[in-house]
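Undergrad: Return a 3D structure for these sequence lines:
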Amino acid sequence: MKTLVTLFVVLLIAAALSCSSPDAAQDITGFRGFSWGYKLQKNDSIFTVILREEHRACGERRGENLKIGDATLSSITYGFGQDKLSYVVITCEGYWNFRALLSATTEKYGAYDQPNEDILTYYWVMSRGAGALEYNESSEVTKLCFYSKVMAEEERLFRENEAKKPKDDF
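TA: So this is what the prediction gives:
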């Protein structure tokens, strides 16, 4: 639960940025061949669901290649809202893996925004998707999150509609 809340906050921060990357090589439309909105099947042969909570799920891809560029990754987690691919969280450890992941991401998505040069957090905001890379110097853990703007809006509308429904608490 704590992980989902942390991921949600990181994604909201990235969404709040209104700038875009004009030098971007391409838009963020999904990850490794899976477009945003990919439908998670009940007995999916591609993903193993590791956490399900209400209408959200997180999973790992079977046989995933844990490399991006020269970075060796610790994990890649795929996030689903209403069983549709909404975000991806990539983690790695160590400063050199952080630098390699930053380099590979910049090569693919172009120039980043770094609001504070003293904090190792970088953003890519495009028309259909966005990404945030953060390096924690004390733990030496890097998290790179990509998410779909369309799926984030669908999630917002879903939560808004759910809040309007009467609750049967008593």
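
Undergrad: Please name every helix or strand in contact with the longest strand along the chain.
TA: Longest strand of the chain, by residue count under DSSP state E: strand 84-93. Counting by 3 or more C-beta pairs under 8 Å, 6 or more residues apart in numbering; DSSP states H and E, the packing neighbours recorded for strand 84-93 are helix 2-16, strand 30-31, strand 75-81, helix 95-109, strand 141-148, helix 149-164. C-beta coordinates here come from the backbone N, C-alpha and C atoms, glycine included.

Undergrad: Relative to the whole chain's centre, how far out is that strand?
TA: 4 Å (C-alpha atoms, centre = their mean, to the nearest Å).

Undergrad: Now do the residue nearest to Ser45 when sequence neighbours are not counted: how many residues are near it, please.
TA: Take Ser45 and drop its neighbours on the chain: the residue closest to it by C-beta to C-beta, 6 or more residues apart in numbering is Arg62, 7.5 Å away. When counting by other C-beta atoms under 10 Å, one arrives at 10 neighbours for Arg62.

Undergrad: Same check on the one 4 residues further on?
TA: Using other C-beta under 10 Å, the number of residues around Leu66 comes to 13.

Undergrad: Could I get the CA-only coordinates of the longest strand of the chain as PDB?
TA: Output of strand 84-93 as PDB, limited to C-alpha atoms (Å, rounded to 0.1, in the frame of the first residue of the first chain):
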ATOM      1  CA  LYS A  84      -5.400  -1.300 -18.100                       C
ATOM      2  CA  LEU A  85      -1.700  -0.500 -18.300                       C
ATOM      3  CA  SER A  86      -1.300   2.900 -16.700                       C
ATOM      4  CA  TYR A  87       2.300   3.200 -15.500                       C
ATOM      5  CA  VAL A  88       5.700   1.500 -15.200                       C
ATOM      6  CA  VAL A  89       8.200   1.700 -12.300                       C
ATOM      7  CA  ILE A  90      11.800   0.800 -12.900                       C
ATOM      8  CA  THR A  91      14.400   0.500 -10.100                       C
ATOM      9  CA  CYS A  92      18.100   0.000  -9.900                       C
ATOM     10  CA  GLU A  93      20.800   0.400  -7.400                       C
END
